[in-house]
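# show me the folded form of this:
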Amino acid sequence: MGGNGWAIWDVRKDEWRLVYAEGKCTDGDTTVNVEEFKGLERALRYLEKLPPRACHVFGDSKLVVGAMQGKMRCRTTSMQQAYARIVSQVARLTATIHFWHILRDFNQVADKLANMTNG
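Numbering: from 1, shown residues only. So this is what the prediction gives:
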């Protein structure tokens with residue numbers, strides 16, 4: 001069993017406003033990285049509903065962020081499929097998307113949501 005969590009923040013100057021946050025539990029065989037891709041997939045799906053503008057995606061999975069930045073390759077079939085779905089989603093968005101790797105300590109909202117689904 002695995003889980004993932006994500007949050008969308010509206011950041012303007014010094015003001016941070018939580019727009020939406022979600023945690024999901026997944027039954028069955030999964031990996032942490034596949035779950036990270038699933039969380040990203042859900043976040044991008046939510047972004048499709050919002051007005052287009054530049055978007056910065058912060059994630060604590062070095063593999064997922066590295067793949068989205070074009071710096072790393074997904075080696076397993078499940079990861080390649082997840083990556084392909086995300087690339088397709090990003091191509092449909094009219095906003096410019098930037099991907100940034102951050103340490104888990106700076107991703108506490110998403111981490112707590114993911115842990116709540118497992119527990």
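# for the rest of this, base every contact and every neighbour count on C-alpha atoms.
Will do.
# how close does the residue nearest to the spatial centre of the chain get to residue 91?
For the chain, residue 40 is the residue whose C-alpha lies nearest the centre (CA atoms, centre = their mean; 2.5 Å). According to CA to CA, to the nearest Å, residue 40 and residue 91 sit 14 Å apart.
# again, but for residue 25
Residue 25 is 27 Å from residue 91, by CA to CA.
# ok, residue 42 - how many residues close by?
17 (other CA atoms under 10 Å).
# ok now the helix or strand harbouring it, how far from the chain's centre?
Taking DSSP states H and E as the criterion, residue 42 maps to helix 32-47. Helix 32-47 has its C-alpha centroid displaced from the chain centroid by 4 Å (CA atoms, centre = their mean, to the nearest Å).
# same check on stretch 47-67?
6 Å.
# neighbour-wise, which of residue 25 and residue 91 wins?
residue 25 (18 against 11).
# element containing that one?
Assigned by DSSP H and E, residue 25 belongs to strand 15-26.
# cool, and residue 91?
Going by DSSP H and E, residue 91 is in helix 77-92.
# mean confidence score for that helix?
For helix 77-92, mean pLDDT rounds to 92.
# show residues contacting the next helix-or-strand element following that helix.
Using DSSP H and E, the helix or strand that follows helix 77-92 in sequence is strand 97-101. Residues outside strand 97-101 that contact it (CA atoms under 8 Å, 6 or more residues apart in numbering): 54-62, 65-66, 68-69, 90.
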